[in-house]
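1. Mind folding the following:
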Amino acid sequence: MSRKRVIVRRLLIALAIIILVPVLLLAAVLLALRSEAGTAWVVDQVPGLEVDAGQGSLFGVWQADSLRWQGYGVRLELTAPYIDWSPGCLWRKTLCLDTLRVSNIDLETQPGEDTEETSGITLPTVILPVNLDIGDIDLGPFTLNDGLIWDTLTLNAEAAGAELNVEELFVRRETLEVTVSGRIDTRGDWPLALNVETRLPPPYGENWKVGLTLSGSVRDLNFRGQSLGYLSARFDGKVGPLNPDLPARLNLRADEFLALDSLPSTLTLRNWRLALAGSLANGFTTDTSALLPGARGDVELALKGRVTTEQATGLSLTLAAPYHREGETNELAVTGSVDWSGPLEATAEVGLQHFPWYDLIPDMEALPVTLNTLEAEGSYTDGRYQANLRAGVGGPIGDTSLQADVKGDLEQVQISNLIADTGAGGLKGKADVAFADQIAWDAQLELDRLNPGYWVPELEASLSGPVATAGRLDPEGFPEATAKLDLAGTWQSNDTRIRGDLKSADQQWQVQNFELRVGENRVLGSGRWADALTANVSIDLPRLRAFLPGLSGAVKGRIEASGQFDNPVGSVQLEGSSLAWQELLTIDSLALNGQLQEGLALNADASVRGLEASGQTVSGLDLGVTGTLDDHNVRFQVTTDELVANLGFAGGWQEGWDGMLASARVELIEQNQTWTLAEPATLVYQPTGKLTMGQHCFEWQASSLCAGDQVLMPMPELNYQVSRFPTSALAAVMPEGLRWNAEINGDVLLKM
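-> From the prediction side, this is the model:
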């Protein structure tokens with residue numbers, strides 16, 4: 001054999017070895033993977049991979065209790081992985097993944113260096129060398145760095161070349177569910193056609209479902225959909241998800257929407273329209289409009305502005321009620337901005353012109369005092385704020401203008417330049433209020449020519465002076481405070497002064513140096529209210545006409561009180577003379593004496609002489625009360641030219657008055673008759689206003705006037721029986737010359 005042939009032969013042997021060794025090695029690996037022991041050996045060769053209780057072959061069905069892999073800053077743990085695929089499909093150039101199940105997926109990654117993206121994502125062209133047939137993928141909860149990504153993910157799909165057909169992709173996270181089906185082409189901009197059904201947890205109600213149709217491409221994504229349940233609306237728009245500026249556009253239309261069921265129905269958005277357009281880089285402009293169902297008609301709402309990731313600018317909110325006053329502006333307008341790029345900052349301007357805000361509160365009527373105008377501007381910076389307010393208030397008393405400057409923080413507020421101006425005078429002042437730990441205040445007000453006669457002409461006056469108060473609330477909520485009042489001026493053209501000091505501390509109230517002086521009239525007093533009570537009031541009013549036109553006469557007296565608050569004692573003595581109210585009522589003299597004793601027992605007497613009212617004259621009226629609220633007696637006597645009546649009552653008050661008419665004596669002077677009550681009669685008054693009287697009889701000589709149970713109030717039902725009443729007693733009212741001697745017996749029935 002020649003040397004040349006030997007060399008060729010050796011080269012052929014070497015080439016055969018080079019070709020056969022990889023084939024044999026591949027065959028060995030495939031044979032190893034087909035066995036459970038071989039699969040376990042191959043798995044052991046993967047760096048960082050640990051498998052617990054692995055079973056089966058990677059060339060068919062393989063499962064394990066758990067699988068853990070760690071490397072390159074990543075730690076992955078799978079619980080109960082199970083895989084079943086068909087290697088025979090490879091002969092058809094198809095990878096058939098029949099089943100993939102994992103009970104739990106836990107992925108942890110180490111934080112990497114932050115990188116700033118300067119351009120959008122470039123979509124690669126993905127063309128699979130083999131077809132892909134995914135039968136059943138079922139993945140349990142997936143957590144990334146201890147954050148839940150999903151609870152469940154299932155997938156059925158097919159792929160061939162650059163086309164992916166998703167039969168169903170289902171993802172659930174807590175109460176959020178998403179179902180996707182459709183087609184994606186992984187070439188160019190990745191055109192797609194997908195249907196997405198989403199179930200969301202509604203703020204209230206039972207369901208909220210959103211259906212989406214996605215079209216276009218991943219780079220320029222168009223969407224259109226409908227929301228049902230909590231929000232019933234239709235919407236459409238466009239978004240560029242791969243652009244780092246995220247350009248987007250959204251249009252939404254809803255016939256009716258109430259954000260929270262706790263809101264009143266008057267804040268329901270009707271005919272709601274929302275338009276949003278822009279990008280993360282330049283911000284999104286928003287324009288929304290709706291109608292609010294006010295109590296007397298629709299209120300128009302409009303909101304505009306631009307929102308970025310750091311601030312909201314050009315905000316404008318307008319509420320208009322065109323039905324309120326024709327020819328006038330009837331709206332509330334708020335403009336402003338908010339910046340949260342650093343410490344929170346905000347500015348706002350508020351303008352109100354005859355806007356009926358109460359129409360947006362259910363069942364609320366127009367108030368007698370209305371806010372006609374309001375102009376306010378303010379700012380907020382990192383917990384501190386300031387504002388200037390100007391308002392016009394109208395009502396039955398006329399128009400009032402108000403203005404004030406406000407500044408403060410989260411612990412206190414200062415009100416300065418407070419000015420109120422009305423046709424009845426005004427006030428000026430300032431106040432500081434702190435509310436960090438405990439509420440505390442310090443207010444200094446100055447009344448300027450206050451005139452109650454602006455509202456009630458009979459109370460014509462002009463009062464000026466300081467009103468000051470300062471204090472705080474103790475830990476139990478009781479005020480520890482002082483207040484001082486010192487007003488001077490005129491009342492009905494009489495020199496007037498009202499002053500006094502109020503103090504509270506240690507759960508005690510104390511009034512000192514109280515003085516009311518109107519001309520010659522004076523009221524002086526002081527007192528203390530705590531567990532023990534003391535009070536002294538001196539009244540000397542020689543000219544009542546100084547208080548009110550038409551009132552005349554004089555009153556003088558004293559009121560004293562002492563003892564425990566729940567068991568006080570005291571006395572009152574009042575005397576009046578020549579009292580009159582216009583031409584309707586006159587009293588020659590009045591006297592009141594009363595003592596409140598321990599156990600809340602009252603012993604009081606009142607006497608009136610020379611009473612004339614409505615053309616009737618009562619020469620004497622006496623009233624006496626003794627006893628407690630639960631058990632007392634009342635004596636009543638009235639004397640006129642025609643009769644003298646003495647009545648005695650006894651009973652008690654317990655959710656109504658339950659007692660009796662204990663005695664009664666009525667003397668008819670001209671008729672020379674004296675009627676007396678034969679037996680006590682029950683007398684009951686109920687809180688409903690019903691007054692009833694039990695059976696009773698009045699007797700005079702042989703005559704009687706008797707009744708059964710009677711209703712006296714509110715609708716009288718009287719039924720009396722007259723027995724043996726002599727007609728001779730009527731002689732004074734009979735025509736002259738008529739003589740009638742008989743006895744009257746009968747019934748008298750009266751219903752009203």
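2. make it CA atoms for all contacts and neighbour counts henceforth
-> Noted.
3. Sketch out the strands for the stretch 1-150 of the chain, chain order is fine.
-> With DSSP state E, counting those that start in this stretch as the criterion, the stretch 1-150 of the chain has strands at 49-52, 55-56, 61-63, 66-71, 74-79, 82-86, 94-102, 104-109, 131-139, 142-144, 147-150.
4. Any idea which of these gets closest to residue 208?
-> Residue 208 sits nearest to strand 147-150 of all those, at 19.3 Å, using CA to CA.
5. Quick one: list the elements packing against that closest one.
-> In terms of contacts (3 or more CA pairs under 8 Å, 6 or more residues apart in numbering; DSSP states H and E), strand 147-150 is packed against strand 142-144, strand 163-173.
6. buried sites along it?
-> Neighbour counts over strand 147-150 (16 or more other CA atoms under 10 Å) mark 149-150 as buried.
7. after it, next one along is what?
-> Once the chain leaves strand 147-150, the next helix or strand it forms, by DSSP states H and E, is strand 152-160.
8. Out of the strands of the stretch 1-150 of the chain, flag the one nearest residue 348.
-> strand 147-150 (39.1 Å).
9. Paired strands for the closest one, with orientation please.
-> Sheet pairing of strand 147-150 (DSSP bridges) gives strand 142-144 (antiparallel).
10. got the contact list for the strand it pairs with?
-> The contact list for strand 142-144 (CA atoms under 8 Å, 6 or more residues apart in numbering) reads 104-109, 148-152.
11. Show me what residue 648 is bridged to.
-> Bridge pairing for residue 648 - DSSP bridges - gives residue 635, residue 663.
12. measure residue 108 to residue 49 for me?
-> For residue 108, the distance to residue 49 (CA to CA, to the nearest Å) stands at 15 Å.
13. Please name every helix or strand in contact with the helix or strand containing residue 563.
-> Take DSSP H and E as the rule and residue 563 turns out to sit in strand 551-564. Counting contacts by 3+ CA pairs under 8 Å, 6+ apart, strand 551-564 packs against strand 533-541, strand 567-581.
14. For the stretch 151-300 of the chain, just list every one of the strands.
-> 152-160, 163-173, 176-185, 192-199, 208-216, 221-229, 233-239, 248-257, 269-279, 283-294, 297-307.
15. re earlier: and the strand holding residue 563, which residues are buried?
-> Result for strand 551-564 [16+ other CA under 10 Å]: buried residues 551-563.
16. Ok, stretch 149-166 next?
-> Across stretch 149-166, burial judged by 16+ other CA under 10 Å covers 149-160, 162-166.
17. Would you map the helices across the stretch 301-450 of the chain?
-> Counting by DSSP state H, counting those that start in this stretch, the stretch 301-450 of the chain forms no helices at all.
18. mind listing the strands in it by residue range?
-> Residue ranges of the strands in the stretch 301-450 of the chain, as given by DSSP E, counting those that start in this stretch, are 311-320, 331-339, 345-353, 370-381, 384-394, 400-408, 412-422, 425-434, 440-450.
19. Relative to residue 270, which of those is closest?
-> Going by CA to CA, the one of the strands of the stretch 301-450 of the chain nearest residue 270 is strand 311-320, 13.8 Å.
20. Adjacent strands (with direction) for that closest one?
-> Under the criterion DSSP bridges, strand 311-320 sits next to strand 297-307 (antiparallel), strand 331-339 (antiparallel) in its sheet.
21. can you put those strands in a markdown table and add mean pLDDT and distance to residue 125?
-> Output for the strands paired with strand 311-320, formatted as a markdown table (pLDDT from 0 to 100; distance: least, CA to CA, whole Å):
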| stretch | mean pLDDT | distance to residue 125 |
| --- | --- | --- |
| strand 297-307 | 92 | 36 |
| strand 331-339 | 93 | 42 |
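22. Turn the ones you listed into CSV, including distance to residue 574 and mean neighbour count.
-> Below are those laid out as CSV (distance: least, CA to CA, whole Å; neighbours: other CA atoms under 10 Å):
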stretch, distance to residue 574, mean neighbour count
strand 297-307, 58, 20
strand 331-339, 57, 19
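23. would you list those strands in JSON lines and tack on distance to residue 174?
-> Formatted as JSON lines, these follow (distance: least, CA to CA, whole Å):
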{"stretch": "strand 297-307", "distance to residue 174": "30"}
{"stretch": "strand 331-339", "distance to residue 174": "34"}
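24. Residue 615 is nearest to which of these?
-> Residue 615 lies closest to strand 297-307 among the strands paired with strand 311-320, at 54.5 Å (CA to CA).
25. quick one, the closest one and strand 283-294 angle?
-> Interaxial angle, strand 297-307 versus strand 283-294 (axes from the mean of the first three to the mean of the last three CA atoms, to 10 degrees): 170 degrees.
26. quick one, strand 297-307 and strand 269-279 angle?
-> Using the same axes, to 10 degrees, strand 297-307 lies at 10 degrees relative to strand 269-279.
27. List of residues touching strand 297-307?
-> Here strand 297-307 makes contact (CA under 8 Å, 6+ apart) with 283-293, 312-323.
28. Quick one, which of these are buried?
-> Neighbour counting with 16+ other CA under 10 Å marks 283-293, 312-313, 315-322 as buried within those.
29. Could you check how far the residue lying closest to residue 148 once chain neighbours are set aside is from residue 51?
-> Residue nearest to residue 148 in three dimensions, not counting chain neighbours: residue 142, with 6.1 Å by CA to CA, 6 or more residues apart in numbering. The gap separating residue 142 from residue 51 is 19 Å, by CA to CA.
30. Many thanks, have a good one.
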